[in-house]
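Engineer: I'd like to go over a predicted model; first the sequence, then the structure.
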Amino acid sequence: MGISGVFSEELFLTSETGSRLYHQYAENLPIIDYHCHISPKDIVEDREFEDLGEMWLEGDHYKWRAMRLFGIEERLITGAETSFHEKYLAFASVLPKMAGNPIYIWCALELKRYFGISEPLTAENAEEIYQKTRSMIREKHITRCWCLEHSRVKLLSTTEDPLDDLGCHRLLQQKRELSTRVITAFRPDRAMFLSHPGFPDYLRRLGETSGVRIERFFDLVEALSVRLRYFREVTGTTVSDNGVPRFSWEDYTTEEIEAIFGKAAAGQALTRRETDQYQSAFLLEMGRLYHREGCVMQLHIGTYLDANTKGVQTVGQSCGFDCTDDQCSVTSVGELLNRLTQLGELPKVLLYPLDRTKTETWAILAAGFCDGSVKGQVQLGAPWWFNDQQFGIARQFESCGNLYPVALSVGMLTDSRSFISYPRHEVYRRILCNYLGELCDRGEYFGSEENLREIIEDVCIRNANAFFGFQVEL
């Protein structure tokens, strides 16, 4: 079989049954993106893109990381004085060499879905494709909101710190011409990282923003409660998010936590045990708060942030220098869920482990905390960050389907800063349908066509809508 030289609409669909299921039931479904890092300011301003270079390389650390691997100098990756045109040409020179890497497929899908271009991008045709897409951007007036509507995004959730005044979100509530509903996740990470040098100043600012005088740990909890209620008032959000790079459950007393909090607020050094005690107390109180306020608790587990400190100092955080780790144990998160269950205050929980060697173990943990009161109350989130590609997605379906029904999954998210990353949902849906098709072809599933249609629609969009209580009209 020869190489076609064009994008195939049968991408990942190796099963004839899976191909039919995808094209018939999943292909045209709208999108709920319940976790991303898109800037609400960019949505409000709705600027037209300058060119494909800006669309691809303005803030995509996946591509930045890949370009460094190929030895491209930093000025052509993140350099402030370098044009997006130059950066695009540098990226185009290495894209053909990314066989097997998800970036290759993502870019092919983005060219196809937003510009109708089926041919592969190479160094030879890079300038031609650049000029063609630039003309289309001008002709179609391709703005940030145009991309959301073109992708049929019904709802997206940005991610903001409790200090955010949500001014842009207030403006978005009045943006009647935008068909996408925009909310935000409540992310209080900076209140948990008490060893960070800026922690005392953060407490001061949080106190001013919330109107709560923060002198004790439970004052902090009250201040965060005030801010979460504000987030809910402005956007109607039911989404929270906590980054958990390292977590080891450590028992504590109220007196110990108040003493630890006092030391941190004064900028004093803490022991490892004190940090663990504080994080245990913090996550427990956040879980209780989310339960009271009807929010889903998302735990992003296992990041090894700022691994390359020189790179971070030179370029900045979240620029491709983060890695994965295994310092967050299943046992510790299990104890957090156990304590919340004992209190009768376990919220809905999504677990996003980065360490794929323990994916099945996390799935088993999640299943152990579903008591029949809520469908899929604790479950694995979408394969995340370094796992959100064909191998990671297929592996989670195949391995965890034995332990936790795939049909309960709340589906895919982008976790992206890009307005054209929505084909990642398409990749997920293709792999889901192929997985189901292969089960049918092997005789492992012989339910009705209606059963399959329901599973596909549920996983692609309906489960997320119900789990988060979005009430989006589908």
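Structural biologist: Okay, I see it.

Engineer: now the strands for the stretch 301-450 of the chain?
Structural biologist: 303-304, 323-324, 349-353, 378-380 (DSSP state E, counting those that start in this stretch).

Engineer: Pairing partners for the longest one, with directions?
Structural biologist: Read it as strand 349-353. strand 296-301 (parallel), strand 378-380 (parallel) (DSSP bridges).

Engineer: sorry, back to before: just put the strands of the stretch 301-450 of the chain in a markdown table and tack on mean pLDDT, distance to Gln396 and mean neighbour count.
Structural biologist: Where C-beta positions appear, they are placed from N, C-alpha and C, glycine not excepted. As requested, the strands of the stretch 301-450 of the chain are exported to a markdown table (pLDDT from 0 to 100; distance: least, Cβ to Cβ, whole Å; neighbours: other Cβ atoms under 10 Å):
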| stretch | mean pLDDT | distance to Gln396 | mean neighbour count |
| --- | --- | --- | --- |
| strand 303-304 | 86 | 18 | 18 |
| strand 323-324 | 86 | 15 | 14 |
| strand 349-353 | 97 | 10 | 25 |
| strand 378-380 | 97 | 7 | 24 |
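
Engineer: can you put the ones you listed in a markdown table and add distance to Glu58?
Structural biologist: Listed next are the strands of the stretch 301-450 of the chain as a markdown table, based on distance: least, Cβ to Cβ, whole Å:
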| stretch | distance to Glu58 |
| --- | --- |
| strand 303-304 | 23 |
| strand 323-324 | 23 |
| strand 349-353 | 25 |
| strand 378-380 | 31 |
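
Engineer: what's the closest non-adjacent residue to Ala307?
Structural biologist: In space, and not counting its chain neighbours, Ala307 is closest to Cys323: 4.5 Å by Cβ to Cβ, 6 or more residues apart in numbering.

Engineer: OK, contacts around the one you found?
Structural biologist: Thr303, Tyr304, Ala307 (Cβ atoms under 8 Å, 6 or more residues apart in numbering).

Engineer: Now render these as TSV, adding distance to Val472.
Structural biologist: Shown next, in TSV, are the contacts of Cys323 (distance: Cβ to Cβ, whole Å):
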residue	distance to Val472
Thr303	30
Tyr304	35
Ala307	38
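
Engineer: possible to save the strands paired with strand 349-353 as CSV with distance to Ser15?
Structural biologist: As requested, the strands paired with strand 349-353 are exported to CSV (distance: least, Cβ to Cβ, whole Å):
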stretch, distance to Ser15
strand 296-301, 32
strand 378-380, 24
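
Engineer: Let me know the closest of the contacts of Cys323 to Ala407.
Structural biologist: When those are compared for distance to Ala407 (Cβ to Cβ), Thr303 wins out at 29.0 Å.

Engineer: mind checking how far the residue most central in space within the chain is from Ile364?
Structural biologist: The centroid of the chain falls nearest to Asp415 when counting by Cα atoms, centre = their mean (2.7 Å). Separation of Asp415 from Ile364 (Cβ to Cβ, to the nearest Å): 24 Å.

Engineer: list the contacts for the closest residue to Asp325 other than its chain neighbours?
Structural biologist: In this structure, Asp325 finds its nearest non-sequential neighbour in Tyr304, 3.8 Å apart by Cβ to Cβ, 6+ apart. Going by Cβ under 8 Å, 6+ apart, Tyr304 touches Pro245, Asp322, Cys323, Thr324, Asp325, Gln327.

Engineer: Spit out the contact partners of Val330.
Structural biologist: Applying Cβ under 8 Å, 6+ apart to Val330 gives the contacts Lys358, Thr361, Trp362, Leu365.

Engineer: same deal with Ser19?
Structural biologist: Glu10, Leu13, Cys433, Asn434, Gly437.

Engineer: Give me the buried positions along the helix or strand hosting it.
Structural biologist: Following DSSP states H and E, one finds Ser19 within helix 16-21. Neighbour counts using 16 or more other Cβ atoms under 10 Å place Thr17, Gly18, Ser19, Arg20, Leu21 of helix 16-21 among the buried residues.

Engineer: contact partners of the helix or strand that that helix is followed by?
Structural biologist: Per DSSP H and E, the first helix or strand lying C-terminal to helix 16-21 is strand 31-33. If you take Cβ under 8 Å, 6+ apart as the criterion, strand 31-33 is touched by 151-157, 411, 413-414, 422, 425, 461, 464-465, 470, 472.

Engineer: same question, stretch 64-80
Structural biologist: 57, 81-82, 86-87, 90-91, 94, 97-98, 101, 103, 314-316, 319-320.

Engineer: I'd like the mean pLDDT over it, please.
Structural biologist: Across stretch 64-80, the average pLDDT comes to 96.

Engineer: Ok, stretch 229-239 next?
Structural biologist: 98.

Engineer: hang on, the earlier thing: just the ones of the contacts of strand 31-33 in helices?
Structural biologist: His425, Ala464, Asn465 (DSSP state H).

Engineer: Using the record's assignment, carve the protein into domains.
Structural biologist: Split into domains by automatic domain parsing, the chain comes to 48-140, 151-467.

Engineer: circling back to that earlier point, ok, now which ones touch the residue nearest to the centre of the chain?
Structural biologist: So Asp415 contacts His35, Cys36, His37, Trp384, Trp385, Asp388 (Cβ under 8 Å, 6+ apart).

Engineer: Next step: those restricted to helices.
Structural biologist: Short answer: the contacts of Asp415 have none in helices (DSSP H).

Engineer: Any of the contacts of stretch 64-80 buried? List them.
Structural biologist: Using 16+ other Cβ under 10 Å as the burial test, those include Leu57, Thr82, Lys87, Ala90, Phe91, Val94, Met98, Ile103, Val315, Cys319, Gly320 as buried.

Engineer: So for the closest residue to the first one other than its chain neighbours, what pLDDT did the model give?
Structural biologist: Using Cβ to Cβ, 6+ apart and skipping residues adjacent in sequence, the residue nearest Leu57 is Lys87, 4.8 Å away. Lys87 is assigned a pLDDT of 98 by the prediction.

Engineer: which ones among the contacts of stretch 64-80 are found in helices?
Structural biologist: Among the contacts of stretch 64-80, the ones falling in helices (DSSP H) are Leu57, Glu86, Lys87, Ala90, Phe91, Val94, Ile103, Thr314, Val315.
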